[in-house]
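Any chance you can model this:
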Amino acid sequence: CAEFSHALVVAHVPTYQSISPHCHCTPLLIWPIFTVQMHAMELVEILQQMSTAGMFKELVFYLEACESGSMFRTLPSDIRVYASSAANAHESSWGTYCMPEDKVNGKHIGSCLGDLYSVSWMEDSDHGNPGETIEEQMDTVIDLTTKSHVTLFGDQTIADEPITSFEGAADGRASNRLPPPRGTDTQREAAIRSEDAALTSAFYRFITNDDDLAADELIDGVQQRRKAKRRFDAITRTLTGDGLDSVPPRTAGVDDACHYAAHQAYVAHCGDWHEMALSFSSTLADLCELEGGRAERLVDAIEAACV
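Take a look at the predicted model:
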């Protein structure tokens, strides 16, 4: 494996269609397109292994996804990893430059062009500020990411270092080209919850262009979301005798071990998480708390709901 002095890792949720590979996320799970799903416990373990193996001197991780703050709660502060997430562990992240502000070269794309958190740091980087530190960039990103709570984890001493140690010109010089214009407030405020972006995009393309493919995407997405809701309602009823609305919100953090066991049971008996089911990962976290961190009954309920 390659070794890096300073590494920047960027991952973010696809609020738009067929542009580039990114990752879905939900509490304690990220799902990079074209690869395997990854639990928070697995992600932190991999980062620890990379640190122990000397694969980087320092690593900065920017994660754009719904409930992305749940992925780094157990990240140690002594392995030289600094992580920033677009949202805390309980909220959606947001797409931006969404319909009707979705034009490229004068043409409507029919989907969000970016994500509020990611657009904020990329536009900041594009404009270039020689000597800008990670902390200064994150202060800007926090100010501009107005619909979710940017959250920081890991080794905060890395935040004092210049951005150019991790991205941009290696010698720290500003680019000679003119930077692209920053988005207007109107463009940035054309925002959609990331977990609803695919459905909203399909709906917009259908009503705008009478697009048959968009209609199929919309119908399938709605059906898949309703299927997931029925499944998790059944899991909840097995445990509580009542439906999803009866589950109280968590009062404490997520029990990682219980959630991981439930996640593994879901994949084993129900198959891989569908995009429209991902938000229900938070239901597993709620049920873990309701069960006092004991996964046995929850695992049995998952198996029963998916046979």
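
Point out where the stretch 1-150 of the chain drops to low pLDDT.
The stretch 1-150 of the chain contains residues with pLDDT under 70 at 1-8, 10-36.

at 80 instead, please
1-37, 128-129 (pLDDT under 80).

how about the strands of it, start to end?
In the stretch 1-150 of the chain, strands defined by DSSP state E, counting those that start in this stretch lie at 4-12, 23-26, 29-32, 38-39, 56-64, 81-85, 94-96, 103-104, 107-108, 114-115, listed in chain order.

Which positions in the fifth one come out as buried?
By neighbour count, and taking 16 or more other C-beta atoms under 10 Å as the criterion, the buried residues in strand 56-64 are Phe56, Glu58, Leu59, Val60, Phe61, Tyr62, Leu63, Glu64. For every residue, glycine as well, the C-beta is placed using N, CA and C.

Can you get me a residue count around Glu135?
16 (other C-beta atoms under 10 Å).

got a list of what it touches?
Ala159, Asp160 (C-beta atoms under 8 Å, 6 or more residues apart in numbering).

That one and Thr157, how far apart?
10 Å (C-beta to C-beta, to the nearest Å).

With Thr140 instead?
20 Å.

quick one, which of these two is more surrounded?
Taking other C-beta under 10 Å, Thr140 and Thr157 do not tie; Thr140 has more neighbours (17 against 11).

Chain neighbours aside, what residue packs nearest to that one?
Setting aside the residues directly before and after it, Thr140 is nearest to Asp124 in space (C-beta to C-beta, 6 or more residues apart in numbering), at 5.2 Å.

That neighbour against Asp139, yeah?
No: contact criterion C-beta atoms under 8 Å: Asp124 and Asp139 do not qualify, at 10.0 Å.

The two: which has the busier surroundings?
Legend: neighbour count by other C-beta under 10 Å for Asp124 and Asp139, higher for Asp124 (21 against 14).

Now do the helices in the stretch 151-300 of the chain.
185-189, 197-209, 212-240, 256-270, 281-290, 296-306 (DSSP state H, counting those that start in this stretch).

ok, now the stretch 1-150 of the chain?
40-52, 116-127, 134-144.

Phi and psi next, for the most centrally placed residue in the chain.
In the chain, the C-alpha nearest the mean C-alpha coordinate belongs to Ala65, at 1.4 Å (C-alpha atoms, centre = their mean). For Ala65, the backbone dihedrals are phi -170, psi 160 (criterion: degrees, to the nearest 10).

wait, it sits on Ala86?
Yes: using C-beta under 8 Å, Ala65 makes contact with Ala86 at a distance of 6.5 Å.

Distance check, the closest residue to Leu218 other than its chain neighbours against Ser68.
Leaving aside its chain neighbours, Leu218 sits nearest to Ala202 (3.9 Å; criterion: C-beta to C-beta, 6+ apart). Relative to Ser68, Ala202 is positioned 24 Å away (C-beta to C-beta).

more neighbours, those two?
Neighbours per residue, other C-beta under 10 Å: of Ala202 and Ser68, the larger number sits with Ser68, 33 against 24.

Could you report the distance from the more buried one to Met122?
Distance, Ser68 to Met122, by C-beta to C-beta: 16 Å.

again, but for Ala215
Ala215 sits 33 Å away from Met122, going by C-beta to C-beta.

Next: Ile192.
18 Å.

and what of Arg205?
Arg205 sits 25 Å away from Met122, going by C-beta to C-beta.

Asp256 now?
Taken as C-beta to C-beta, the span from Asp256 to Met122 is 31 Å.

and if you look at Asp196?
22 Å.

who's more crowded, Ile192 and Met122?
Using other C-beta under 10 Å, the more surrounded residue of Ile192 and Met122 is Ile192, with 23 against 17.

contacting residues for that one?
So Ile192 contacts Thr15, Trp94, Gly95, Cys98, Cys112, Thr200 (C-beta under 8 Å, 6+ apart).
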